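In: Mind folding the following:
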Amino acid sequence: MEHEGAAEASRVDPAAMMERFFNAEVRYIEAGGAAAGADFSEMAACFHPDVVMHQGPSVPFPGDWVGSDELQRFFALLSETWSDMAILDRTNYVGEEGVAITVRAVLTSRATGRTVEMDASHIIFMSEGLIRDWTVFYDDPVKIGEICRA
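Out: Numbers count the residues shown, from 1 in each chain. Below you'll find the predicted structure:
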């Protein structure tokens, strides 16, 4: 029976999983993140036990974030960085092992109140229907850092 559940999970549509995740992320940010007691469990349910997220060195939240606990810290930092996040456009390019996503978003810095409209690309690999490896590429990571500094 356990094997059947894993097979069923592996058939999850990557685009549907990412829709579920991004909706949960927006709710988490809007609720104020960890500092306001927002519930992370909806997002955590999307992660494979071996999940890792890769962020470039120029953004306010650089490095590799390994495991659900570190990703919870990452999203707490993200919610401390941005007071508002609006996804204007998102396009999914679905493959057999995951999805590539282009996103246009408007983000407002909590520290400065300044807003930036930016593009990012996400490369996400999945295992057993869950997010396992996630790399984010920002159109202008230096500008993101500048927007956040007072």
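In: Let me see the contact set for residue 80.
Out: For residue 80, the contacting residues are 33, 35, 110, by C-beta atoms under 8 Å, 6 or more residues apart in numbering. For the C-beta atoms, the positions are set from N, CA and C on the backbone; glycine is no exception.
In: which residues in the chain form strands?
Out: Applying DSSP state E to the chain gives strands spanning 47-55, 63-66, 82-94, 98-109, 115-127, 130-138.
In: Mean pLDDT and mean neighbour count added to these, as TSV?
Out: Shown next, in TSV, are the strands of the chain (pLDDT from 0 to 100; neighbours: other C-beta atoms under 10 Å):
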stretch	mean pLDDT	mean neighbour count
strand 47-55	97	17
strand 63-66	96	14
strand 82-94	90	14
strand 98-109	94	18
strand 115-127	95	17
strand 130-138	96	18
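In: mind checking which of these is nearest residue 40?
Out: Closest to residue 40 of the strands of the chain, according to C-beta to C-beta: strand 47-55, at 10.3 Å.
In: Give me the angle between that closest one and strand 130-138.
Out: Computed by axes from the mean of the first three to the mean of the last three C-alpha atoms, to 10 degrees, the angle separating strand 47-55 from strand 130-138 equals 10 degrees.
In: Please state the offset of strand 47-55 from the chain centre?
Out: With C-alpha atoms, centre = their mean, to the nearest Å as the basis, strand 47-55 stands 10 Å off its chain's centre.
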